[in-house]
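Q: Predicted coordinates and the sequence they were generated for:
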Amino acid sequence: MCMPEKIKVGLVGIGNCFSGLLQGIEYYRKDSSQKVIGVIHDDLSGYGIYDIDFVCGFDVGENKIGKTINEAIYAYPNMVDWIPKDEMPKADAKVYESPALDGVGIWVENRVKPIKSNKTTEQLTEEIKQIIKDTGTEIIVSYLPVGSEKATQFWAQICLDTNTAFVNCIPSFIASGEEWGKKFAEKGIPIIGDDIKGQVGATIVHRTLIRLCNDRGTKIERTYQINVGGNTDFLNMKEQERLASKRISKTESVQSQLDERLDDDQIYVGPSDFIPFLGNTKLMFMRIEGRQWANIPFNMEVRLEVDDKANSAGIVIDALRLAKIALDRGIGGPLIPASAYLMKHPPKQMTDPQAKVACEEFVKGN
Ligand SMILES: NC(=O)c1ccc[n+]([C@@H]2O[C@H](COP(=O)([O-])OP(=O)(O)OC[C@H]3O[C@@H](n4cnc5c(N)ncnc54)[C@H](O)[C@@H]3O)[C@@H](O)[C@H]2O)c1
């Protein structure tokens, strides 16, 4: 049987999410007798979880640039420690400098410690294109901080210029943005986005319960979802100006599941605060209020506690393999089923069961 080729992936933003992704793969590799849990598909068109090869990384942290990826994932302020650093295999792939642009917010600046660069964005652009070429990178995946609008657009343009597929895990609207989506379609380059859904995260739980209440004929009157955590992602989101697109992404993801939209002042969905000692633990508090038969009121409350990084890694592994399938088949532009299934703010919203079926049909080649 012929082995599938490796999927060559370049990483932008070597933070906690990427650290969890890599340490998780190593966790399973160390004991391959155990069942892999945490991914939706073990196998996607012949691609398994070990078929992803991280060939280059890009960051702005002075303590990450120049290290190998496997070292950089342990550098401060990252805090994922599922595999001891000295048990992580050596790797050749390196972390290179990315232009900072608007990537580093005021709250995280003294933790990230961005490199004092003597290179212009134009110089870095040329260097990056060369690295993508030399490493044979096929897909770029972005785990930039929330609010990195310019940096995300920089990386989208790099993908367009180098014919590299793009998986955009953050709420900057590229796959779902009309102008950018069109550019990827015109060049025939696959893109999956925007804003990765968790495996069992706040958004998917909220969407599912809202849809349940909707489909069972209740009248939903108001709802909120509050999230708190203690990592740099949450610290960064203390800067309200960086949050606009995150709020839209999360709120629309819930609104899209209702036959009748709620008025803006009857729905609140958003990251709400930074509690340092929580680390990568994310707490979500959700409430739905509505009415049933004879206008009798009801309400429900959910408290979800998850490791935020374990929640996203498996979904990204599916996204990378779906992007690779599109590359193999010469399919370009925003991948609608994969985006609807895996992302909070896709070009087209579906219910989650519809998105699952559409995605599976895409994998079958229909
Ligand atoms: N469950 C989840 O964890 C989840 C779900 C959805 C979306 N996201 C999003 O994924 C993103 C990454 O989350 P994280 O916890 O890894 O964040 P993080 O703060 O740990 O990592 C961000 C990394 O980006 C780097 N960076 C900053 N500016 C850069 C630039 N211009 N170019 C390259 N690198 C730059 C930082 O140095 C840091 O290493 C966030 O936007 C987060 O909201 C995460």
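A: Perfect, thanks for sending it. As the structure is a prediction and not an experimental result, all values here were calculated from the model.
Q: count of residues packed around the residue found closest to K94 once you drop the neighbours it is linked to in the chain?
A: Spatial nearest neighbour of K94, chain neighbours left out: T68 (5.7 Å); criterion: Cβ to Cβ, 6 or more residues apart in numbering. Placement of C-beta: from N, CA and C, glycine included. Look at T68: counted by other Cβ atoms under 10 Å, it has 15 neighbours.
Q: again with Q354
A: 13.
Q: Quickly find the element holding it.
A: Secondary structure from DSSP states H and E places Q354 in helix 352-364.
Q: and that helix, average pLDDT?
A: Helix 352-364 carries an average pLDDT of 95.
Q: Can you list the buried residues in it?
A: A355, A358, C359, F362, V363 (16 or more other Cβ atoms under 10 Å).
Q: returning to what we had before: report pLDDT for the residue nearest to K94.
A: Reported pLDDT at T68 in the predicted model: 98.
Q: got the contact list for whichever residue of the stretch 1-150 of the chain sits closest to the ligand?
A: Residue nearest to the ligand within the stretch 1-150 of the chain: G15 (1.8 Å; Cβ to the nearest ligand atom). G15 makes contact with N78, Y143, P145, T232, D233, according to Cβ atoms under 8 Å, 6 or more residues apart in numbering.
Q: wait, which of those residues is closest to D265?
A: Of all those, D265 sits closest to D233, with 27.2 Å by Cβ to Cβ.
Q: what about that closest one, neighbour count?
A: 22.
Q: do N110 as well
A: Close neighbours of N110, defined as other Cβ under 10 Å, add up to 9.
Q: buried sites along the strand or helix carrying it?
A: Using DSSP H and E, N110 sits within helix 109-112. By neighbour count on 16+ other Cβ under 10 Å, the buried set for helix 109-112 is V112.
Q: Just the C-alpha atoms of it, please, in PDB.
A: In PDB, the C-alpha atoms belonging to helix 109-112 read as follows (Å, rounded to 0.1, in the frame of the first residue of the first chain):
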ATOM      1  CA  GLU A 109       3.800  43.200  25.400                       C
ATOM      2  CA  ASN A 110       6.000  42.700  28.500                       C
ATOM      3  CA  ARG A 111       5.400  38.900  28.500                       C
ATOM      4  CA  VAL A 112       5.900  38.300  24.700                       C
END
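Q: Contacts for it, please.
A: Under Cβ under 8 Å, 6+ apart, the answer for helix 109-112 is V60, G61, Y76, P77, V104, T232, L235.
Q: Please flag which of these sit within strands.
A: Among those, no member falls in strands (DSSP state E).
Q: Format these as JSON lines; extra columns: pLDDT and neighbour count.
A: Formatted as JSON lines, the contacts of helix 109-112 follow (pLDDT from 0 to 100; neighbours: other Cβ atoms under 10 Å):
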{"residue": "V60", "pLDDT": "98", "neighbour count": "22"}
{"residue": "G61", "pLDDT": "98", "neighbour count": "25"}
{"residue": "Y76", "pLDDT": "97", "neighbour count": "12"}
{"residue": "P77", "pLDDT": "97", "neighbour count": "16"}
{"residue": "V104", "pLDDT": "96", "neighbour count": "22"}
{"residue": "T232", "pLDDT": "97", "neighbour count": "21"}
{"residue": "L235", "pLDDT": "96", "neighbour count": "18"}
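Q: mean confidence score for the helix or strand where L22 lies?
A: Here L22 sits within helix 16-30, counting by DSSP H and E. Averaged across helix 16-30, pLDDT comes to 96.
Q: Quick one: list the elements packing against it.
A: The helices and strands touching helix 16-30, judged by 3 or more Cβ pairs under 8 Å, 6 or more residues apart in numbering; DSSP states H and E, are strand 52-59, helix 232-236, helix 308-329.
Q: which stretches of this protein form strands?
A: Taking DSSP E as the criterion, the chain carries its strands at 7-12, 52-59, 95-97, 139-142, 165-168, 190-192, 219-229, 267-274, 281-291, 297-307, 333-334.
Q: Mean pLDDT added to those strands, as a markdown table?
A: Shown next, in a markdown table, are the strands of the chain (pLDDT from 0 to 100):
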| stretch | mean pLDDT |
| --- | --- |
| strand 7-12 | 98 |
| strand 52-59 | 98 |
| strand 95-97 | 98 |
| strand 139-142 | 98 |
| strand 165-168 | 98 |
| strand 190-192 | 98 |
| strand 219-229 | 97 |
| strand 267-274 | 91 |
| strand 281-291 | 98 |
| strand 297-307 | 98 |
| strand 333-334 | 98 |
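Q: mind listing what the residue nearest to I128 when sequence neighbours are not counted touches?
A: Spatially, and ignoring its direct neighbours in sequence, I128 is nearest to I158 (5.9 Å; Cβ to Cβ, 6+ apart). For I158, the contacting residues are T125, I128, K129, I132, I140, T164, by Cβ under 8 Å, 6+ apart.
Q: if we go to 10 Å?
A: 10, 12, 58, 98, 124-125, 128-129, 132, 137, 140, 164, 166 (Cβ atoms under 10 Å, 6 or more residues apart in numbering).
Q: what do you get for T203?
A: 195-197, 225, 227, 249-251, 253-254, 269, 284, 343-345.
Q: what about 6 Å?
A: Residues near T203 by Cβ atoms under 6 Å, 6 or more residues apart in numbering: K197, K250, S253, K344.
Q: Now for the third one, how many residues are close by?
A: Looking back up the chat, that one is S253. Around S253 there are 24 residues (other Cβ under 10 Å).
Q: Would you check that my belief about it contacting K344 is correct?
A: Yes. The pair S253 and K344 passes the contact test of Cβ atoms under 6 Å, sitting 4.3 Å apart.
Q: Near I7, how many residues? Count them for me, please.
A: By other Cβ under 10 Å, the residues close to I7 number 22.
Q: do the same with S98
A: Counted with other Cβ under 10 Å, the neighbours of S98 add up to 28.
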